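Peer 1: Fold the following.
(3 chains)
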Amino acid sequence: MTNGEKIYNIAAELFPIPRSLTGKGVRQTFEILKKYAKDLNVFEIPTGTKVFDWTVPEEWEINDAYIEDESGRKIIDFKENNLHVMGYSTPVDEWTDLEGLLKYVYTEPSAPDAIPYITSYYKRRFGFCMSENLKNSLKPGKYHMYIDSRLFEGSLSYGEIVIPGEIEDEILFTTYVCHPSMANNECSGPSVAIALANHIQNLPSHKYTYRFVFGPETIGSVAYICTHFKHLKEHVKAAFNLSCVGDDRVYSMLHSRYANTFADKALLNILKYHTKSLIEYSYLDRGSDERQYNAPGVDIPMVTFSRSRYTQYPEYHTSLDNMDLVSPAGFEGSFEVLTKLVDALENNAYYKINVLCEPQLGKRGLYPSISRRGQYDAVMMITNFIAYSDGTNDLFDISNIVGVPVDELIKIKNELMENGILDIVG
Amino acid sequence: MTNGEKIYNIAAELFPIPRSLTGKGVRQTFEILKKYAKDLNVFEIPTGTKVFDWTVPEEWEINDAYIEDESGRKIIDFKENNLHVMGYSTPVDEWTDLEGLLKYVYTEPSAPDAIPYITSYYKRRFGFCMSENLKNSLKPGKYHMYIDSRLFEGSLSYGEIVIPGEIEDEILFTTYVCHPSMANNECSGPSVAIALANHIQNLPSHKYTYRFVFGPETIGSVAYICTHFKHLKEHVKAAFNLSCVGDDRVYSMLHSRYANTFADKALLNILKYHTKSLIEYSYLDRGSDERQYNAPGVDIPMVTFSRSRYTQYPEYHTSLDNMDLVSPAGFEGSFEVLTKLVDALENNAYYKINVLCEPQLGKRGLYPSISRRGQYDAVMMITNFIAYSDGTNDLFDISNIVGVPVDELIKIKNELMENGILDIVG
Amino acid sequence: MTNGEKIYNIAAELFPIPRSLTGKGVRQTFEILKKYAKDLNVFEIPTGTKVFDWTVPEEWEINDAYIEDESGRKIIDFKENNLHVMGYSTPVDEWTDLEGLLKYVYTEPSAPDAIPYITSYYKRRFGFCMSENLKNSLKPGKYHMYIDSRLFEGSLSYGEIVIPGEIEDEILFTTYVCHPSMANNECSGPSVAIALANHIQNLPSHKYTYRFVFGPETIGSVAYICTHFKHLKEHVKAAFNLSCVGDDRVYSMLHSRYANTFADKALLNILKYHTKSLIEYSYLDRGSDERQYNAPGVDIPMVTFSRSRYTQYPEYHTSLDNMDLVSPAGFEGSFEVLTKLVDALENNAYYKINVLCEPQLGKRGLYPSISRRGQYDAVMMITNFIAYSDGTNDLFDISNIVGVPVDELIKIKNELMENGILDIVG
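Peer 2: Take a look at the predicted model:
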């Protein structure tokens, strides 16, 4: 089974769970993830806890919800698709007429077959979501609006995997677990993150400590940053948010506030050599947890990695974002990018050649012994690496200058270090 | 009456006055301006005063001038158009033949109907200006060259309006009063400056002190800078030269020496959102008083604001630059730009959000309570403002980054400050 | 006789000599050069001397070489073209069959009429070079491979001309003397260097000390830098490698490692105004002695000046790179660029106008006394020079900003200094 297939299967297992900001769905999600990553720890933050400018909201529990007509036929049923209920809906059990019903019905006219995904986290109300076509087919009559939900003092859950490395400097990966049944814009992130965590745990050794954080978008990040602020500020060298990493259309990255951090440099370099279908988004296009990590004063250098980025694909935030939209190939591509990124980060340093003038490569078997027209090209990759190994460039910088991917440079770097003519600086 | 109409009327009143570097015409001009701006003070610098590398020249007085033919018919008459005499002409009262006359006649062949504007400030000579067509129609015969002028130890006049603000930091506006009857390249600048001074005086309050300087081009600026050097260097934060601000064709700005001062940033930002017909000129294209203020060692950050810039329109420095070339609409546009500029400067500061992570806009009524696809755009302007309110950007910087004009940002800034989550830095 | 013709004649005299890294050919070359530059001193570094990561190789002597067939007919003969023997070939005196012979035969199939230039400096082997067409015409039979050469403990020769100036700061020119009979990629460099040295020696005075270094490529530079490291680091302000400067097709320059040194700025400026057929090469395209001078830790700011750059013209490293490829016109162009460069360097400084505001040019005869439309352009070159003479720009910077070649600016600079209003800064 390929890595892409394995990840697809995890995502498929996560898909049906009725997640929201808080509650049972999130905890069920963590139970599934724990099967694949034993070191995943789950924490709870009680309702009412102040986290910076925010307050942890009440927990939402939903058991059932439907609209039935006079004949007892269920028009929509939460058990069939959990998008049918507006997230954080208050309970209701009322009969009304069609006009009364429609005040509480939400559709997405631009995708008339799809059920939209809609929430009202911070204002108490209830609502039902259905396709525009279904709404248009409803006939006058009596309708029973039923939502068996409750909001109560509970807690917000988040998960964390920390994989200690040789040093305390950390690479942070975040993803979210708060959307109900959506494949790309929900299940893809945690599934890829779990596979990447497993990959790192299986490495013979690694320099960096890796931290994976899973929580609800926005409030989860705010809460996590608030409760880990000093640690994150001191240790995190680069952070990557994983969002919509399961389809196989394009590759995307969303830059940090000024597009100038180490995280920007690293991911952009990997993606440029990995794909020709790269879309770079400015921070002005942000919309996921990078908003909290890059906020003024927080300034943890985070970029977001996506295949088709949130808001930019037609199925976004509707029931069409399902398991057909994502694919093993899509996951495989994301996983490759991230493992290449980890490999580059692990090998990355500022390098300096320790002989003056060019080293004599010939005596080390690194140079063709006959000098003739055309022969130079083969060795140019090595001499270019040496030329820019002046202590001011890391592997990403050198790669950008000389036009060779980091994984190729790592081989050269290893050869030169084995020959004792290249040092790590600083 | 619109602001544009009011300004047009001032310009029309200034138009007929025979101005030059010095003398009665300049003083008549100041008398007119004083009617509209009671705080205008006029100062005199005596002939012979050393001002940096220059010396204040003799004062020029002209009472009458004409060329008449043998029949006593006046070919040209200073009383009909004061461009007919070369500026600073020495007196003459001689009969000559056509050949002799033509040695002293200047025309502009590229605009054969127009009288060119020509001066000889620093070398003593006399001359007459006429249209190319008129010159070509002259027949052999005797001609009487008559100029009743004198050059004498007098003084150079300049005007000044200072409007004290809450702080001593100053915004400087300069314009010139040395051209005779030309509308865009003379009367427009003082008229708009007077209107802007009145606008500022009528503001309920303002932070900056505003200084308006009116003098002859070049020697007037040199003299003003020389006599106010220490004060200008200590207080002026941004300076704007107003030249050719009355026509309604395009908007132009001429940058400072390296195009990198606060004045460049401020005016460019305002103009970019105000008009699509903006022409940016390099300092290499300079030609007005910005030459003195930006000179090495002076380095007062000045840019020049124009509609059609000097030298760049066909009527420039000819009798065709008359009151038909300028218009109320042209003046209105200039006035709008300058009042927007003042408003932006008054509100400008480096701002910093004082909560970590994004503030919760919802609880302050600044965020839609239902989160659904498409809703985010409306709030993005606020969150973008917050994202870049990190203490390193002023309003112009934020406007440039987020693509929203400063006047829109001022509203957001005010809301956030009222909510207590935004501070001024430094 | 033009300079180009004189240089062509020196190159023609150098052409037939069988040069290599070391040995008699190099010393014969120096004997010829000494005829034209009496101050050329030649030095020897013994075989086995360690120079940084390298070791000075054994000296190579070759007296004769040929391939003859059974009938005694010489198929190729070193005496006819010294490219026929691989550089640094070990001796051989053997009969073999055609198949055996071809193991030692090198051709350039892309130029089937040309003899390729091939060496094996650091691995002991022998070989013959011939045209692809000749090789294809060889018939089965016995062949006599004969090379009368020897490798022995000798020395590596290099030449040096030092022309002391008023200051100890140095401008360095390097070129190489290690290729046998090739015109552009060998004889052109030393010939132009000698002419330039003569030109400088004949100047009435000069500020900089000029150093010319002639040695074998790569090992010669490594050895020279190693034995002169401290001196070069302390004194060399800009360095120029001369390579392939004899043809008349284009002009080329190859930038330093980051294209940001004074040498880059100076040569690029001169070339931009000299020619429209300039090709700028990145340091990634390097291949000559700039590799050693710009190496990390050495960091002597060197750019390479060429007409058609090495590797970029079809005759490169073959017998087609002969005296027909270069021309007096080609040499003349190179010589002009280099003498303009020297003149610019000699006049270069950071200048500062010593009056505040614009100086009054009129009283110094530098400004037209009648001010009228169109007259300003003539004086703009002077005022632009003054505007950017603020102590932060040297002549090359000002030239780049104002769009006027340095030789024009030198005239203005001289006028302003004679008028006492321009100072040299620092």
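Peer 1: Residue A:180: what's it in contact with?
Peer 2: Taking CB atoms under 8 Å, 6 or more residues apart in numbering or on different chains, we find residue A:180 in contact with A:17, A:18, A:19, A:20, A:25, A:82, A:83, A:87, A:117, A:186. Yep, even glycine has a C-beta here, placed from its N, CA and C like the rest.
Peer 1: Do I have it right that the last one meets residue A:176?
Peer 2: Meaning residue A:186. Yes - in this structure residue A:186 lies within contact range of residue A:176 using CB atoms under 8 Å: 7.3 Å.
Peer 1: residues contacting the closest residue to chain C within the stretch 101-250 of chain A?
Peer 2: Residue of the stretch 101-250 of chain A nearest chain C, by CB to the nearest CB: residue A:207 (24.4 Å). Residue A:207 makes contacts with A:165, A:166, A:167, A:169, A:346, as judged by CB under 8 Å, 6+ apart.
Peer 1: looking at chain A, which helix or strand is least sure?
Peer 2: Ranked by mean pLDDT, DSSP states H and E, the weakest helix or strand in chain A is helix A:376-387, scoring a mean of 84.
Peer 1: Summarise which helices and strands that helix is packed against.
Peer 2: For helix A:376-387, the elements it packs on are helix A:395-402, helix A:406-418, judged by 3 or more CB pairs under 8 Å, 6 or more residues apart in numbering or on different chains; DSSP states H and E.
Peer 1: Those helices: which one's closest to chain C?
Peer 2: With distances scored as CB to the nearest CB, the stretch of the helices and strands packed on helix A:376-387 nearest to chain C is helix A:395-402 (6.4 Å).
Peer 1: OK, contacts around the residue of the stretch 251-400 of chain A found nearest chain B?
Peer 2: Nearest residue of the stretch 251-400 of chain A to chain B, counting by CB to the nearest CB: residue A:296, 3.5 Å away. Residue A:296 makes contact with B:352, B:353, B:386, B:387, B:388, B:389, B:390, B:391, according to CB under 8 Å, 6+ apart.
Peer 1: same thing but 7 Å
Peer 2: Residue A:296 makes contacts with B:352, B:353, B:389, B:390, as judged by CB atoms under 7 Å, 6 or more residues apart in numbering or on different chains.
Peer 1: filter these down to the ones near chain A?
Peer 2: Residues of those in contact with chain A (CB under 7 Å from any CB of the partner chain): B:352, B:353, B:389, B:390.
Peer 1: most surrounded residue in the residues you listed?
Peer 2: For the ones next to chain A among the contacts of residue A:296, neighbours were counted using other CB atoms under 10 Å in any protein chain shown, and residue B:389 has the most, 25 neighbours in all.
Peer 1: That one and residue A:256: what is the separation?
Peer 2: 16 Å (CB to CB, to the nearest Å).
Peer 1: Name the residue in residue A:186 and residue A:176 with the higher neighbour count.
Peer 2: Neighbour count, other CB under 10 Å: between residue A:186 and residue A:176, residue A:186 has more, with 28 against 25.
Peer 1: looking at this, the more buried one is in a helix?
Peer 2: Yes - Residue A:186: assigned to a helix according to DSSP: H, G, I helix; E, B strand; the rest coil.
Peer 1: so it touches residue A:192, yeah?
Peer 2: No - in this structure, residue A:186 is not within contact of residue A:192 by CB atoms under 7 Å, at 11.8 Å.
Peer 1: Residue A:205: how many residues sit nearby?
Peer 2: Per other CB under 10 Å, the neighbour tally for residue A:205 reads 7.
Peer 1: Tell me the secondary structure at it.
Peer 2: Of the three states, residue A:205 takes coil according to three-state DSSP.
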